[in-house]
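Participant: predicted model and sequence below, questions to follow.
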Amino acid sequence: MTGTVENQEQEHDQQHERERVRALLDRVRGEGRSALTAPEGKVVADAYGITVPGEGLARDVDEAVALADRLGGSVVLKIVSPDILHKTDAGGVVVGVSGAKEVRAAFCTIVKNARAYAADARIEGVQVQQLVPPGQEVIVGAVTDPTFGKVVAFGLGGVLVEVLKDITFRLAPVTADEARSMLDSIGAAEILKGVRGAPAVDRWALAEQIRRVSRLVTDFPEIAEVDLNPVIASPDGAVAADIRILLTTEEVKARRRYSREEILVSMRRLMEPRSVAVIGASNEPGKIGNSVMRNLIDGGFAGEIHPVNPKADDILGRKAYKSVTDVPGEVDVAVFAIPAKFVASALQEVGRKGIPNAVLIPSGFAETGEQALQDEIVAIGEQYGVRLLGPNIYGYYSTWQDLCATFCTPYDVKGPVALTSQSGGIGMAILGFARSTRTGVSAIVGLGNKSDIDEDDLLTWFGEDPRTACIAMHLEDLKDGRAFVEAARATVPKKPVVVLKAGRTSAGARAAGSHTGALAGDDAVYDDILRQAGVIRAPGLNDMLEYARALPVLPAPKGDNVVIITGAGGSGVLLSDAIVDNGLSLMEIPPDLDTAFKAFIPPFGAAGNPIDITGGEPPSTYEATIRLGMEDPRIHALVLGYWHTIVTPPMVFAELTARVVEEFRARGIEKPVVASLAGDTEVEEACAYLFERGVVAYPYTTERPVAVLGAKYRWARAAGLLGGGR
């Protein structure tokens, strides 16, 4: 009972403090201001338990002297003006002042500098603040990201923060555990633990500063940015020497959100339709409406196909309808192949017909500056409950339904990979890659302008789709980063999600009012938050496609011990470098295993790790060492380096490797095995042979197979299959 009373009292106190902050922010906004003064920042900090030094506001010199005397020791003086945001630039800060004489002189200097900097600035006085004892300078802050909303930041630096740019981000609010994880996510994390005899900082106090800031911006959406810089971290705590709070002046329009159940219902009818109408179907070759009809018919779609064209009675041997409203029965998808200016009126008819999905191939909307036209179709879609895919897309493929609803080349190789792209050109690159590598896909979907359906809708569907084992997405932006993260977190424990985010070099383009805001460039935030969601980020298009092709082939690793077996010492060195580059761990070979490997390799070979069997060895040496690597339970993954010789030709190596791996798989022993093959062009055929049999193999590269293995490990950690996950 006592605990309950204490909790009620604590909640009452917190509510009182929130109301106090609410009143303060309302007053500041009512005055037309977007920045809080230092004393106002102190009120907010006290309300949320954000530790700041003792301080007070002096309106004249005598008050400053009295405040400094009461605080004791050295103090810092800072100008307080709602019109001067960057106090240091205005000469409005003096550090390390002690004694009445120094305080008087500093007070007068600060006021004089401020008036010279901005003659019309309102000066409310001078803040007198305790000088925080030396410690490690860090930054804690929060920003409003256009994609992810409230994001909390932590980094190293103080005055050097924008030079070092050693900063990490999380979605707000963060839990205590997430806040602590941020301390280990910066490059200089070891400094916080104490180096070269320096003591470790109070990690709990520092994490609490992060957590409290995240709670503040979550409670008050109108707070655009918070900057605690510097925060002085020491063994005795973490104190924010300066706090800057900026408010937004814009009202953010909430995006319409659909429940998971609503998304799955509409996506099922989109990806597994029984009936499709083609609005703008045509008998004339070369027209998009003709290409879509031919692909649907020639692709073998077993459902109903209804051409819609007011000027035709028959299209490609099928009855044509003047309007989609004339089509008998239910229709799951309407594919639009008409000019943009006619889409809105046709979409009205789709809505009245009760068709749940519209696939909008036409261009000529927001991408060409016609935002009003796009807004109109979005409003119609919302009015009738029609989900919109596009506009400005190549269409989509749902291979398990033999559905090719596109004007591009058909594709019918069924498999476990779902691929999406925001760009039509990238979509066709995906198609070409899939064809050249015989990658089996469950779907290829164009997203275009993403007026409605976007990555989180598709990710929700593919996460539940039993025919999809890996999802790869090219995107230029996310409309709703939080919805995507939510969908990713639900999907990653079941299957990998690979993302190629374009525009990673355009960070920091927008003007920012704080250090935190300046550092929160688009890509920096994307990188951290996608990683926290368990998403595998691909550095380039080919990487995304190779990850998507390879990850379903590899079994999940059961531990961190990776062993390299190579026929060439040079390859072994490069493979070892790739292991480090991809965050993997080369196993330290125990003595008994070392002895076991040595029994199979020549005296001039090298055990250890990499295990160099040398290039002149016969197939039996490759087979014996690979077999040992598969057999020993302490080894969790194998990286094979093959060197083309006449003694062991490429296809001989490929066949023996595939046979050994399959033999152990039949015994219930599965480990990821990747291979790098160096040699003449025959190694290409050998790699294809291995890939088809569950060994991810690449010719002419030591980097690619290890990168794929690294991606598999990153997914396994994020999915909770190994330690050290998200």
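Facilitator: Thanks, I have the structure now.

Participant: spatially central residue in this structure, please.
Facilitator: Centroid-nearest residue in the chain: L530, 2.0 Å away (criterion: CA atoms, centre = their mean).

Participant: measure it to G427 for me?
Facilitator: Distance of L530 to G427, given as CB to CB, to the nearest Å: 21 Å. Backbone N, C-alpha and C define where each C-beta goes, glycine included.

Participant: what does I453 give?
Facilitator: 15 Å.

Participant: repeat that for E546.
Facilitator: 17 Å.

Participant: sticking with the residue lying closest to L628 once chain neighbours are set aside, tell me its helix or strand.
Facilitator: In this structure, L628 finds its nearest non-sequential neighbour in A596, 5.9 Å apart by CB to CB, 6 or more residues apart in numbering. Under the criterion of DSSP states H and E, A596 resides in helix 591-598.

Participant: chain center to that helix, what's the gap?
Facilitator: 42 Å (CA atoms, centre = their mean, to the nearest Å).

Participant: just the buried residues of it, please?
Facilitator: For helix 591-598, a neighbour-count test (16 or more other CB atoms under 10 Å) marks 593, 596-597 as buried.

Participant: so where is the stretch 1-150 of the chain shaky, pLDDT-wise?
Facilitator: Where the stretch 1-150 of the chain drops to pLDDT under 70, the residues are 1-13.

Participant: now the helices for it?
Facilitator: Counting by DSSP state H, counting those that start in this stretch, one finds helices in the stretch 1-150 of the chain at the ranges 2-30, 38-47, 61-71, 100-117.

Participant: report the buried residues of stretch 362-371.
Facilitator: 362-366, 370.

Participant: what about that stretch, distance to the chain center?
Facilitator: Offset of stretch 362-371 from its chain centre (CA atoms, centre = their mean): 27 Å.

Participant: and it, how far apart are its ends?
Facilitator: 14 Å (CA to CA, to the nearest Å).

Participant: then stretch 585-592?
Facilitator: End to end - CA to CA - stretch 585-592 spans 20 Å.

Participant: ok, and what's touching it?
Facilitator: 560-564, 576, 579, 597, 607-611, 634-636 (CB atoms under 8 Å, 6 or more residues apart in numbering).

Participant: could you give the average pLDDT over the helix holding A596?
Facilitator: Over the span of helix 591-598, the pLDDT mean works out to 94.

Participant: ok, then the element right after it?
Facilitator: Downstream of helix 591-598 (by DSSP H and E), the next one is strand 611-612.

Participant: show me what secondary structure element comes after that following strand.
Facilitator: From strand 611-612, the next helix or strand downstream (DSSP H and E) is helix 619-631.

Participant: name the residues of that next one that come out as buried.
Facilitator: Quick answer for helix 619-631 (16+ other CB under 10 Å): 621-630.

Participant: can you check stretch 476-487 too?
Facilitator: Result for stretch 476-487 [16+ other CB under 10 Å]: buried residues 477-487.

Participant: between the two ends of that stretch, how far is it?
Facilitator: Stretch 476-487 stretches 18 Å from its first residue to its last (CA to CA).

Participant: OK, contacts around the nearest residue to S234 once chain neighbours are set aside?
Facilitator: Once flanking residues are discounted, S234 sits nearest to G135: 3.6 Å by CB to CB, 6+ apart. G135 makes contact with 201, 232-234, according to CB under 8 Å, 6+ apart.

Participant: just the ones of the residues you listed in helices?
Facilitator: The helices, defined by DSSP state H, take in nothing from those.

Participant: out of the residues you listed, who's nearest A172?
Facilitator: A233 (20.4 Å; CB to CB).

Participant: tally of neighbours for the closest one?
Facilitator: Other residues lying near A233 total 25 when counted by other CB atoms under 10 Å.

Participant: going forward, count from 758.
Facilitator: Okay, residue one is now 758; in that scheme the one you just asked about reads as A990.

Participant: beta partners for it?
Facilitator: Beta-bridge pairing for A990 (DSSP bridges): Q893, A995.

Participant: bridge partners for the closest residue to Y1457 other than its chain neighbours, pull those for me.
Facilitator: Leaving aside its sequence neighbours, Y1457 sits nearest to A1435 (CB to CB, 6+ apart; 6.8 Å). Here A1435 sits in beta bridges with W1400, going by DSSP bridges.

Participant: would you check how far apart A1435 and K799 are?
Facilitator: 65 Å.

Participant: kindly report the same for N1318.
Facilitator: Counting by CB to CB, the gap from N1318 to K799 is 53 Å.

Participant: more neighbours: which of those two?
Facilitator: Legend: neighbour count by other CB under 10 Å for N1318 and K799, higher for K799 (22 against 19).

Participant: which residues touch the more buried one?
Facilitator: By CB under 8 Å, 6+ apart, K799 lies in contact with 809, 812, 1000.

Participant: list the contacts for the last one?
Facilitator: If a contact means CB under 8 Å, 6+ apart, then I1000 has 795, 798-799, 801-802, 807, 809, 983-985 as its contacts.
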